[in-house]
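[1] Need the 3D shape of this:
(2 chains)
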Protein chains: 2
Amino acid sequence: MSQGNSWGECPIPISDYPNILLAHGGGGKLMQQLIDKIFLPAFDNPTLQTRHDGALLNLSNSRLAFTTDSYVVKPLFFPGGDIGTLAINGTVNDLAMCGARPAYISAGFILEEGLPIDTLWKIAQSMRRAADEAEVNIVTGDTKVVERGKGDGIYINTAGIGLVEHDQIIMPANIKSGDSIILSGDLGRHGIAVMAAREGLAFESAIESDCAPLTEPIMSLLKAKVTIHCLRDLTRGGLAAALVEIAQTAKWQLLIDESSIAVSEPVRGACEILGFDPLHVVNEGRFIAFISPDYAKQAMEILRRFPNCREAAIIGEVTNQPDAEVILKSKLGVKLVLDLPAGEQLPRIC
Amino acid sequence: MSQGNSWGECPIPISDYPNILLAHGGGGKLMQQLIDKIFLPAFDNPTLQTRHDGALLNLSNSRLAFTTDSYVVKPLFFPGGDIGTLAINGTVNDLAMCGARPAYISAGFILEEGLPIDTLWKIAQSMRRAADEAEVNIVTGDTKVVERGKGDGIYINTAGIGLVEHDQIIMPANIKSGDSIILSGDLGRHGIAVMAAREGLAFESAIESDCAPLTEPIMSLLKAKVTIHCLRDLTRGGLAAALVEIAQTAKWQLLIDESSIAVSEPVRGACEILGFDPLHVVNEGRFIAFISPDYAKQAMEILRRFPNCREAAIIGEVTNQPDAEVILKSKLGVKLVLDLPAGEQLPRIC
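    Numbers count the residues shown, from 1 in each chain, chains lettered A, B, ... in the order given. Now for the predicted structure:
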């Protein structure tokens, strides 16, 4: 709760109902109060005000991206963000990775009986702020309440609609032999920040989540007509899982140079202490781009203009081998085959 | 589990992992197995096969409806459906209530550690069948796993995109003095069916949920160019909550004739025993339509052609009083003001 002072004051008098009751999910007066006092003011826009079963949208074009993610992060608040910022940026970034400009977001809340209303208010405010920053509107939503012990405070699902305003085909199956692989920044901040908050660990330097919208760097690449074959943000499973999944879908071998991958000193130290591999740790503001080699230099120049892409680097290439695998060349020159772990080191990280 | 034999066999060998582990949500091999063996075969369509962060869609027009709902029903299986059928039909119906033809669905799963994989398989099969019946495709999805005791088996969120193929404005604010109010069928089946399954009650006649897609009756009204001012499906809070919300949004008085509202004998009996009011019980296949009075007779003729609208009836009208309230004329002729309850009689019903 390090951001305790920046939310303003919850507009539902604490003396009425300080905590979520089952009745807040029942379709009656308390649910109406939640919508009127918490969600409508926080997400305010004309579409929401119609109080309809869904949002009616008039789009400027008819090529769309559509995505969804649920967010179950624990704890709800962590250095650099909270479940609300995550719920907006995670879905915004999935749309951006489709080469789409994120536009509309839906929000589904599953609340546990007993959640402080004040916590819900803070999270709704964070969502609004993240939505403003990412230039999206939260246009439709839903709230359910489950009994104490059947949830963990709050789970959020967001779905998103983005507009595809170009003719490129951006997807894993479209990578090509010779493509340069660009990594947009350093690895591991989100996973380590959440883990430290969860376990009450303090590192010498504070590590903040990298959680941020990635729309602008991607839109800038597209505007400059850089040929992009695939984009992927590095969430669960980290860089390793993203590379392996793309290699397996596209059936090409990827060759990655470990020495070109940025990991900050504090994250490296935390990973060593905790026994984590930075290549597998989750990120929430990092992506890889598969770029036609003729455009790689231009792409790097564009990306480095953005604060959260200043450490962008070419970390490898698609080889001419039709092997669905990822080869990591270590700093000592040893070549290893990267594999997916069975699960993940850390559950409930996003 | 009354439908125990109709799902076929779960394709993940029970001997491997009979139950969901935290690792199934970790972005690694087990999660890939879940996607490859359960979700992709069940929801099979070309868009899903791209294995992208989101679905890329080419629409035939640019006027859309967008909606979301989470489903937390308990128990997961009940007479007439399960959480999977509910998760499709509930979202399909919200789109239909916007006057849109449902087209694309996203599915977000929050699984509790320990959920039998076989249960997940059955639910995925039900979703596929419901999607086929409603003529929608499940085009994108997400899976998260939470620890034992932090969920209740499975929660599902679906979001939906529907295509608006007409020029009518259908929303609560658009109802007009003199509109006929049509109720599409009898009340209370879903709530009573779920409650009976939850509490292990047996009534003389089996009561099945009314859970069903409402697309076809609505599309038929639109095709016939019936002037529709508002549509609303009768979910949480039942008929009473839907009427009160619309009256409050539109700021018109609604006059309802109790004797024209159909409630089946078994549901009426169950409500009496349990102390429920059928007007407040949740439904999953019923709606009200506010129809320009010139079109009311035609609308009734069209609706009654559909099996689940055979008991459609005009139950009241929008008066010429600008009072945001609902007046119920009882069978004895007494006039009562209908109000929202604080919560709902039954949590976790949808």
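
[2] Quick check: buried residues in stretch A:81-91?
    Within stretch A:81-91, the residues scored as buried using 16 or more other Cβ atoms under 10 Å in any protein chain shown are A:81-91. For every residue, glycine as well, the C-beta is placed using N, CA and C.

[3] which stretches of chain A form helices?
    Along chain A, the stretches classed as helices by DSSP state H are A:29-34, A:40-43, A:46-49, A:83-97, A:117-134, A:189-199, A:215-223, A:238-250, A:265-274, A:296-303.

[4] OK, contacts around the closest residue to residue A:178 other than its chain neighbours?
    Leaving aside its chain neighbours, residue A:178 sits nearest to residue A:293 (5.3 Å; criterion: Cβ to Cβ, 6 or more residues apart in numbering or on different chains). Contacts for residue A:293 (Cβ atoms under 8 Å, 6 or more residues apart in numbering or on different chains) come out as A:178-180, A:317.

[5] ditto for residue A:210
    Residue A:210 touches A:80, A:185-186, A:189-190, A:283-286, A:308, counting by Cβ under 8 Å, 6+ apart.

[6] if I look at it, how far off is residue A:188?
    Here residue A:210 is placed at a distance of 9 Å from residue A:188 (Cβ to Cβ, to the nearest Å).

[7] Same question for residue A:234.
    Using Cβ to Cβ, residue A:234 is found at 10 Å from residue A:188.

[8] again, but for residue A:34
    Relative to residue A:188, residue A:34 is positioned 37 Å away (Cβ to Cβ).

[9] ok, those two, which is more surrounded?
    Neighbour count, other Cβ atoms under 10 Å in any protein chain shown: between residue A:34 and residue A:188, residue A:188 has more, with 29 against 24.

[10] Tell me the confidence at the more buried one?
    On pLDDT, residue A:188 comes in at 96.

[11] which neighbours do residue A:210 and residue A:188 share?
    Contact with both residue A:210 and residue A:188 is made by residues residue A:283, according to Cβ under 8 Å, 6+ apart.

[12] Check chain A and tell me which residue is nearest its centre.
    residue A:90 (2.5 Å; Cα atoms, centre = their mean).

[13] Next, the angle helix A:215-223 makes with the longest strand seen in chain A.
    What stands out as the longest strand in chain A, according to DSSP state E, is strand A:101-112. With axes from the mean of the first three to the mean of the last three Cα atoms, to 10 degrees as the basis, strand A:101-112 and helix A:215-223 are set at 150 degrees to each other.

[14] ok, residue A:261 - how many residues close by?
    By other Cβ under 10 Å, the residues close to residue A:261 number 19.

[15] what about it, distance to residue B:7?
    Counting by Cβ to Cβ, the separation of residue A:261 from residue B:7 is 45 Å.

[16] Show me how far stretch A:142-160 is from its chain's centre.
    19 Å (Cα atoms, centre = their mean, to the nearest Å).

[17] now that stretch: mean pLDDT?
    97.

[18] doesn't residue A:337 make contact with residue A:244?
    No: taking contacts as Cβ atoms under 8 Å, residue A:244 lies outside contact range of residue A:337: 9.5 Å.

[19] More neighbours: the two, which one.
    When residue A:244 and residue A:337 are compared for neighbours, residue A:244 comes out ahead with 23 against 11, by other Cβ under 10 Å.

[20] which ones are touching the more buried one?
    By Cβ under 8 Å, 6+ apart, residue A:244 lies in contact with A:325-326, A:338-340.

[21] Also within reach of chain B: list those from these.
    Among the contacts of residue A:244, proximity to chain B is found for residue A:340 (Cβ under 8 Å from any Cβ of the partner chain).

[22] Between the two ends of stretch A:324-333, how far is it?
    Counting by Cα to Cα, to the nearest Å, you get 21 Å between the two ends of stretch A:324-333.

[23] Okay, now the unreliable bits of the stretch 201-350 of chain A?
    The model of the stretch 201-350 of chain A has pLDDT under 70 over residues A:343-345.

[24] So which residues on it come close to chain B?
    So far as Cβ under 8 Å from any Cβ goes, the stretch 201-350 of chain A lies against chain B at A:231-233, A:235-238, A:241, A:245, A:249, A:282, A:340-344, A:347-348.

[25] Restricted to strands, list the residues you listed.
    Among those, DSSP E puts A:231-233 in strands.

[26] got the residues you listed as CSV, with neighbour count columns?
    Below are those laid out as CSV (neighbours: other Cβ atoms under 10 Å in any protein chain shown):
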residue, neighbour count
A:231, 25
A:232, 24
A:233, 22
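
[27] how does chain A divide into domains?
    Per the record, chain A has its domains at A:22-163, A:172-338, by automatic domain parsing.

[28] Could you dump the contacts of residue A:210 into a markdown table and include neighbour count?
    Below are the contacts of residue A:210 laid out as a markdown table (neighbours: other Cβ under 10 Å):
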| residue | neighbour count |
| --- | --- |
| A:80 | 22 |
| A:185 | 24 |
| A:186 | 21 |
| A:189 | 28 |
| A:190 | 31 |
| A:283 | 28 |
| A:284 | 27 |
| A:285 | 22 |
| A:286 | 30 |
| A:308 | 19 |
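
[29] Just give me the closest of these to residue B:270.
    For the contacts of residue A:210, the residue nearest residue B:270 by Cβ to Cβ is residue A:284; the value is 48.6 Å.

[30] list the contacts for the closest one?
    Contacts of residue A:284 by Cβ under 8 Å, 6+ apart are A:81, A:86, A:89-90, A:93, A:190, A:209-212, A:233, A:235, A:350.

[31] ok, back up a step: if you count contacts, what does the longest strand of chain A end up packed against?
    Applying 3 or more Cβ pairs under 8 Å, 6 or more residues apart in numbering or on different chains; DSSP states H and E, one finds that strand A:101-112 contacts strand A:55-58, helix A:83-97, helix A:117-134, strand A:137-146, strand A:154-163, helix A:215-223, strand B:63-71, strand B:154-163.

[32] which helices and strands does the longest one pack with?
    Read it as helix A:117-134. Packing partners of helix A:117-134 (3+ Cβ pairs under 8 Å, 6+ apart): helix A:40-43, strand A:81-82, helix A:83-97, strand A:101-112, strand A:137-146, strand A:154-163.

[33] ok, 7 Å please
    helix A:40-43, helix A:83-97, strand A:101-112, strand A:137-146 (3 or more Cβ pairs under 7 Å, 6 or more residues apart in numbering or on different chains; DSSP states H and E).
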